[in-house]
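Participant: A predicted structure for the sequence below; I have some questions about it.
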Amino acid sequence: MALERRCHLLKALSNRDYMLGNTSKNELLEEVLINPSDYCDELHIISGYATSSMAKRHLEQLDALHKGTGRGVKVHLVIGMIPKDGLSAVEHEGFKAIKSSRRGFNCSYVMVNRPATHAKAYIWLKDGIPQKAYAGSANYSQNAFYGGQVEMMVSMDSSEAESFFQSLSRDTAYCDIDEIEDMVNIVSEREFKKRLRNIEGDIKNSSKDMVTLSLLTEDGSMGKRSHLNWGQRPNRNPNEAYIAIPRTIGRKGFFPPKGTVFTVLTDDAEALHCVTAGNKAADIPKQIETTEDNSKLGRYFRNRLGVPLGRCVQMEDIDRYGRKDVTFVNLGDGTYYMDFSKPPKHETHIESMP
C-alpha cells in the first residue's frame with residue numbers, strides 16, 4: 001500500500017507534444033519552472049549544465065508574472081558538471097552579472113576537488129519548506145525548456161530532493177566570491193580569446209553557419225531614428241539601438257524565435273545578453289536588442305565607433321570605421337559570435353547566408 005501511494009506521487013511531464021506542434025502549451029516549462037511560483041517563494045535548482053541566458057530569460061519571465069504584487073521568487077542554482085567539463089569565462093561573467101543585478105538570485109558551482117554531478121532537479125519551497133520537486137533529463141537551458149529538444153521530468157518527494165540539494169551545496173562555492181577561480185575550473189580569458197581566434201579562422205574559411213546583418217536602413221542610409229539611432233527621439237535614452245533582421249533571414253530560423261534570450265560573444269571579447277524582438281503578431285524575429293536595456297547595445301557600438309555616448313551616429317562615423325555590417329555565427333546552445341572587426345583594406349565582406 002505504501003508503494004502504491006509512492007507511485008501515485010509520480011507524474012511525468014514532457015515537452016514532446018509541444019515540440020511536435022500538437023499543443024501550444026509547453027507543459028514542461030509551465031509545470032516545472034513557472035506555475036509553482038503562484039504559491040511558492042523560492043526555487044532550488046540542481047543542473048549538470050546551465051547557461052546564463054536561460055537564467056536571464058526565466059527570471060525575467062517570473063518577474064514579469066509577479067510584477068506589482070509585492071512578491072518575488074528567490075532562485076538558487078547549483079551547476080554540477082564543472083569539475084569535469086569546466087565553465088567558460090563568458091558564462092561565469094554572465095552568472096555574476098545576473099547575481100549583482102537581480103535580487104534573490106544565487107549561483108554556485110561544484111568545486112574542482114568534489115565529484116561532478118550530472119543530476120537535474122527543481123525544488124520549490126514556501127517559507128523554507130519544500131512543496132514540490134521534479135527530477136529528470138532537463139538541464140537548466142533554453143534547449144531543454146523552450147523547445148530545442150524533447151525532455152522528461154518526473155515529480156518526486158520534495159523533502160528528499162531538498163535534502164540532496166543541501167548536501168550538494170556543501171560541495172559548492174558561490175560564483176561571485178574573490179577566490180572562485182582557485183576553487184572552480186573556469187576557462188581563462190586567454191582560452192576564451194583563443195576560442196575567438198578559432199572562430200575568426202572559421203569565418204574567413206566560411207566553415208560555419210553565419211549571416212551578415214547591415215547596420216543601415218534598407219535604402220543604405222544611416223537611420224536618424226532607427227537602428228543604431230533608435231533612441232534619438234524625445235523621452236528616450238539616446239543610446240538605445242537595435243540590429244535589424246531582414247525577413248528572409250528571420251524566416252530561415254538562424255536566430256531563435258522572438259522573445260528568446262541568448263548570449264552574444266563579440267570579436268573584442270565582450271559578452272552581451274540579447275533578445276530577439278519584433279511584431280506581436282508573428283514569431284519571426286525582426287531585430288536584436290540587449291535585454292532589459294537596449295541602450296547597452298547602442299553604447300557598445302558607439303564605443304567601437306569612437307562616437308560620444310548619447311550622440312547620433314552619422315554615416316561618416318561608419319565610413320571612418322570602415323564597416324557597415326556585422327557577422328553572426330551560431331555557436332549552438334543559445335550562444336552566438338558577433339564580428340564587428342575592422343576589415344583589412346580591399347578585403348571583401350562575407351555575404352549573408354543564401
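Facilitator: Nice, thanks for sending it over. Residues are numbered from 1 along each chain as shown.

Participant: Could you give me the buried positions within stretch 151-161?
Facilitator: By 16 or more other C-beta atoms under 10 Å, the buried positions in stretch 151-161 come out as 151, 153, 155-156, 158, 161. For glycine as for every other residue, the C-beta is placed from the backbone atoms N, C-alpha and C.

Participant: Of those, just say which sits nearest to Thr217.
Facilitator: If you rank those by distance to Thr217 using C-beta to C-beta, Glu151 comes first, at 41.4 Å.

Participant: Give me the distance between the closest one and Glu31.
Facilitator: Separation of Glu151 from Glu31 (C-beta to C-beta, to the nearest Å) stands at 12 Å.

Participant: hang on, the earlier thing: okay if I get the buried residues of stretch 151-161 as TSV plus pLDDT and distance to Glu93?
Facilitator: Converted to TSV, these look like this (pLDDT from 0 to 100; distance: C-beta to C-beta, whole Å):
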residue	pLDDT	distance to Glu93
Glu151	93	27
Met153	95	29
Ser155	94	35
Met156	94	33
Ser158	96	33
Ala161	97	30
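
Participant: and of the residues you listed, the nearest to Pro130?
Facilitator: Nearest member of these to Pro130, counting by C-beta to C-beta, is Ser158, at 3.6 Å.

Participant: what's near enough to touch the closest one?
Facilitator: Ser158 makes contacts with 123-124, 130-133, as judged by C-beta atoms under 8 Å, 6 or more residues apart in numbering.

Participant: Select from the buried residues of stretch 151-161 every entry located in helices.
Facilitator: 158, 161 (DSSP state H).

Participant: Of the buried residues of stretch 151-161, just say which sits nearest to Val184.
Facilitator: Proximity of these to Val184 (C-beta to C-beta) peaks at Ala161, which lies at 23.9 Å.

Participant: quick one, what contacts the closest one?
Facilitator: Contact analysis of Ala161 by C-beta under 8 Å, 6+ apart lists 121, 123, 130, 133, 135.

Participant: Nearest to Asp268 among the residues you listed?
Facilitator: Ala121 (38.3 Å).

Participant: how many other residues sit next to that closest one?
Facilitator: 24 (other C-beta atoms under 10 Å).

Participant: Please apply the same query to Arg170.
Facilitator: 8.

Participant: Distance of it relative to Ser163?
Facilitator: As judged by C-beta to C-beta, Arg170 and Ser163 stand 12 Å apart.

Participant: With Phe145 instead?
Facilitator: Distance check for Phe145 against Ser163: by C-beta to C-beta, it reads 25 Å.

Participant: neighbour-wise, which of those two wins?
Facilitator: Taking other C-beta under 10 Å, Phe145 and Ser163 do not tie; Phe145 has more neighbours (24 against 13).

Participant: And the pLDDT at that one?
Facilitator: pLDDT for Phe145: 92.

Participant: need the contact list for the most centrally placed residue in the chain.
Facilitator: In the chain, the C-alpha nearest the mean C-alpha coordinate belongs to Ser53, at 1.4 Å (C-alpha atoms, centre = their mean). Contacts for Ser53 (C-beta under 8 Å, 6+ apart) come out as 94, 142, 261-263, 273, 334-335.

Participant: same thing but at 10 Å, please
Facilitator: Going by C-beta atoms under 10 Å, 6 or more residues apart in numbering, Ser53 touches 91, 94, 98, 141-142, 256, 260-264, 271, 273-275, 291, 333-335.

Participant: that older thread, any idea which of the buried residues of stretch 151-161 is closest to Gly48?
Facilitator: For the buried residues of stretch 151-161, the residue nearest Gly48 by C-beta to C-beta is Glu151; the value is 12.8 Å.

Participant: anything in contact with each of Glu151 and Glu31?
Facilitator: Joint contacts of Glu151 and Glu31 (C-beta under 10 Å, 6+ apart) are Leu13.

Participant: Secondary structure element holding the residue nearest to the centre of the chain?
Facilitator: Element membership of Ser53, judged by DSSP states H and E, is helix 52-65.

Participant: In the helix or strand following that helix, which residues are buried?
Facilitator: Using DSSP H and E, the helix or strand that follows helix 52-65 in sequence is strand 74-79. Residues of strand 74-79 classed as buried: 75-79 (neighbour count, 16+ other C-beta under 10 Å).

Participant: quick revisit: including secondary structure and distance to Gln314, could the contacts of Ala161 go into a markdown table?
Facilitator: Below are the contacts of Ala161 laid out as a markdown table (DSSP: H, G, I helix; E, B strand; the rest coil; distance: C-beta to C-beta, whole Å):
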| residue | secondary structure | distance to Gln314 |
| --- | --- | --- |
| Ala121 | strand | 54 |
| Ile123 | strand | 54 |
| Pro130 | strand | 58 |
| Ala133 | strand | 56 |
| Ala135 | strand | 56 |
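
Participant: Top of the residues you listed by number of neighbours, please.
Facilitator: Counting neighbours by other C-beta under 10 Å, the top entry in those is Ile123, with 28 neighbours.
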